[in-house]
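**Student:** Generate coordinates for the sequence data below:
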Amino acid sequence: MEIKRTILPQEKRKPLYEDPMKLQFGKMFTDHWFAMPFNPEDGWHDPEIKPLEPLSLHPAANIFHYCQEVFEGQKAYKSPNGETLLFRPEENARRFRRSLQRMCMAEVPEEIYQEALFELVKIEERWIPRAKGTSLYIRPTVIGTEAALGVKPSAEYLFFILLSPVGPYFPKGFSPINLWVSDTFSRAVEGGTGEAKTGGNYAASLMGGRIAKENGYDQVLWLDAKEHRYVEEGGAMNIFFVIDGKLSTPALTGSILHGITRKSVLEMASDLGITAEERRITIDEIMEGVGNGRVSEAFCAGTAAIITPVGRLGYKGLDIPFPDPEGPWARRFYDMLCGIQFGEHPDTRGWVKKL
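**Tutor:** Numbers count the residues shown, from 1 in each chain. Below is the predicted model of the structure:
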C-alpha cells in the first residue's frame, strides 16, 4: 500500500507531556492521524498520514442516523532498550474485520489495517510513554459516511486511526474497583451486537454506569438481558472469578466481547499454575460463594485497564467485599502480562510485534 505522508515540520509539532503518570486516558492526541476513504467504485483508496484535523461530514451521513461504526483498542509500548512493541496486533485486525462484518460495513483487509497502524506508530514514536502502566493507545475506527437517509448499509466509509498517549485507565492504577450489579439495564443481548466492538454497545451502557456511580460504585457488573441471572461483563471489560481455586470467566454467548486480554489471560493461566474455564456463571453463585468462601477474588480484564481487581459487589441492597480484594491472582496476571507487553518477560508465544 502506498501511503501519502504529509508530515508537520518539527517546529509545528506539539510539545510532549511532562509526567506520563499524570496523563488522562484519551484526552491528548498525537500530531498526525491516518485516514482512508471507501466507495463502491474505488474500494479503499488514497491512504494518507497527515496532521490531525476535524472531520467534515454531511449532516445526513450514515454515522449520525444509523450508527454504522466500529472501532478497536490496542496499545504500543517501549521496551527497556527502546524498542517499540505492539501486543498481538493480528488479533485486533481479525476482531476489527469481524466487527465490520457484523455491522454490514466494508471490510478492511487485515494487511491494510496492520500496515496503516505500523506506519503511523513509527511516525509518532516520540509520543510513547515509558513508565509502567502507561502506553500509546491506538484507536482504529470505521464510520459510515454516505449522505443518505433510509435504513440501509452505507455505500461510503472512512477508516481512520488516532493515537493517544495515556496513563492508567483508572487513576489509582492497580487498585480494587467496586461493581454495582444491574438487574434492570442491559448492555447487549444474544443475537444483537454485543460481540462486535461498536459504539452503540457503549452508549447503551451509559445509564447503568451513571447509576452505579450515583450509588458509590465505579462500574457496572452486567447480567444477561434475558433472565438477568448470568454474569457477562464488568463495565466495558471481561470479568474473571477465582471459584474453588479455579479461574472462571463467562462463556462467550454472542453478547460478550471477544476480549484479547481475556484470551491472553486464559492462555497464560497454565503458566501461572491455575486451571481456567469458560462457563455460564450466575450472580447467585457469586454472591453465595463470596459469603461461604468459595469465591476468593474477582478481576476485570481489557486493553485499556489491563487487569483490575474487584473489591466489592453491590446487589439488591447488599454490599459484599471479596475475601481477597487486592487480587493476588489479579496481581500475578497483571505482572506477567505487563512484563510481556513491555518486553521485560520472555515472549514464548510470539505475541509481541517489534516495529
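**Student:** Please parse this protein into its domains.
**Tutor:** Here the domain parsing of the chain from automatic domain parsing is 4-166, 177-341.
**Student:** Go through the ones you listed and name the closest to Lys353.
**Tutor:** Lys353 sits nearest to domain 4-166 of all these, at 4.4 Å, using Cβ to Cβ. Quick note: C-beta positions are derived from backbone N, CA and C, even for glycine.
**Student:** Could you dump the domains of the chain into TSV and include mean pLDDT and mean neighbour count?
**Tutor:** What follows is the domains of the chain, written out as TSV (pLDDT from 0 to 100; neighbours: other Cβ atoms under 10 Å):
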stretch	mean pLDDT	mean neighbour count
domain 4-166	97	17
domain 177-341	96	19
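**Student:** For Gly350, find the nearest of those.
**Tutor:** domain 4-166 (9.3 Å).
**Student:** Show me the beta-bridge partners of Met36.
**Tutor:** Under DSSP bridges, the beta-bridge partners of Met36 are Phe159.
**Student:** what about it, distance to Pro140?
**Tutor:** 11 Å (Cβ to Cβ, to the nearest Å).
**Student:** So for those two, which residues contact both of them?
**Tutor:** Listed as contacting both Met36 and Pro140 by Cβ atoms under 8 Å, 6 or more residues apart in numbering are 116, 159-160.
**Student:** List just the nearest of those to Ala106.
**Tutor:** Among the shared contacts of Met36 and Pro140, and counting by Cβ to Cβ, the member closest to Ala106 is Phe159, at 8.4 Å.
**Student:** any idea which of the shared contacts of Met36 and Pro140 is closest to Glu344?
**Tutor:** For these, the nearest to Glu344 is Ala116 (28.2 Å; Cβ to Cβ).
**Student:** so that closest one is in which element?
**Tutor:** helix 110-123 (DSSP states H and E).
**Student:** Pull the residues that contact that helix.
**Tutor:** 1, 3, 5, 7, 32-34, 36, 44, 47, 49, 76, 84, 86, 89-90, 92-94, 96-97, 128, 136, 138, 140, 159, 161, 163, 355.
**Student:** Could you do stretch 347-355 as well?
**Tutor:** By Cβ under 8 Å, 6+ apart, stretch 347-355 touches 76, 83-90, 118, 121-122, 125, 264, 267, 340-341, 343.
**Student:** for it, which positions count as buried?
**Tutor:** Using 16 or more other Cβ atoms under 10 Å as the test for burial, stretch 347-355 gives 351-353.
**Student:** now the helices for the chain?
**Tutor:** Using DSSP state H, the helices of the chain run over 62-65, 89-102, 110-123, 199-204, 206-214, 260-272, 283-292, 328-341.
**Student:** Could you dump the ones you listed into JSON lines and include distance to Pro250?
**Tutor:** Converted to JSON lines, the helices of the chain look like this (distance: least, Cβ to Cβ, whole Å):
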{"stretch": "helix 62-65", "distance to Pro250": "31"}
{"stretch": "helix 89-102", "distance to Pro250": "18"}
{"stretch": "helix 110-123", "distance to Pro250": "27"}
{"stretch": "helix 199-204", "distance to Pro250": "16"}
{"stretch": "helix 206-214", "distance to Pro250": "17"}
{"stretch": "helix 260-272", "distance to Pro250": "10"}
{"stretch": "helix 283-292", "distance to Pro250": "11"}
{"stretch": "helix 328-341", "distance to Pro250": "17"}
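**Student:** among those, which is nearest Arg229?
**Tutor:** Of those, nearest to Arg229 by Cβ to Cβ is helix 283-292, at 6.5 Å.
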